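Participant: For reference, the sequence and a predicted model appear below.
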Amino acid sequence: MLVRAGDREGGVAQARAALDALPADKHSLTLRMLMTEIERS
């Protein structure tokens, strides 16, 4: 939502923090693909 609202840096930081808060075994392919999509926005 932050990226869509124009705050790309804040959105990427928020998404990265949320992903990093998860244990490594919870980093699914879907989550990694979503993170890539957010970073490329």
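Facilitator: Cool, got the structure. Numbering: from 1, shown residues only.

Participant: only C-alpha atoms for contact and neighbour calcs from this point on.
Facilitator: Noted.

Participant: how long is stretch 2-9 end to end?
Facilitator: Counting by CA to CA, to the nearest Å, you get 9 Å between the two ends of stretch 2-9.

Participant: hmm, who's touching that stretch?
Facilitator: Outside of stretch 2-9, the residues within contact range by CA atoms under 8 Å, 6 or more residues apart in numbering are 10-12, 38, 41.

Participant: now do 6 Å
Facilitator: Contacts to stretch 2-9, defined as CA atoms under 6 Å, 6 or more residues apart in numbering, come from residues residue 11.

Participant: Please point out which parts of the helix ranked longest in the chain sit buried.
Facilitator: For the chain, the helix with the greatest residue count under DSSP state H is helix 8-21. Under the neighbour-count criterion of 16 or more other CA atoms under 10 Å, helix 8-21 has 8, 11-12, 15, 19 buried.

Participant: got it, and stretch 33-41?
Facilitator: Buried residues in stretch 33-41 (16+ other CA under 10 Å): 38-39.

Participant: which residues touch residue 39?
Facilitator: Residues in contact with residue 39 (CA under 6 Å, 6+ apart) are residue 12.

Participant: center of this protein, which residue is that?
Facilitator: residue 15 (3.1 Å; CA atoms, centre = their mean).

Participant: Alpha carbons of the helix or strand of the chain with the lowest mean pLDDT, in PDB - could you do that?
Facilitator: Counting by mean pLDDT, DSSP states H and E, the chain has its least confident helix or strand at helix 29-40, which shows a mean of 89. Taking Å, rounded to 0.1, in the frame of the first residue of the first chain, the C-alpha atoms of helix 29-40 are listed here in PDB:
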ATOM      1  CA  LEU A  29       8.500 -18.900  -2.700                       C
ATOM      2  CA  THR A  30       5.300 -16.800  -2.800                       C
ATOM      3  CA  LEU A  31       6.600 -14.400  -0.100                       C
ATOM      4  CA  ARG A  32       9.900 -14.100  -1.900                       C
ATOM      5  CA  MET A  33       8.200 -13.400  -5.200                       C
ATOM      6  CA  LEU A  34       6.000 -10.800  -3.500                       C
ATOM      7  CA  MET A  35       9.000  -9.100  -2.000                       C
ATOM      8  CA  THR A  36      10.700  -9.000  -5.400                       C
ATOM      9  CA  GLU A  37       7.600  -7.500  -6.900                       C
ATOM     10  CA  ILE A  38       7.500  -4.800  -4.200                       C
ATOM     11  CA  GLU A  39      11.200  -4.000  -4.600                       C
ATOM     12  CA  ARG A  40      10.700  -3.600  -8.400                       C
END
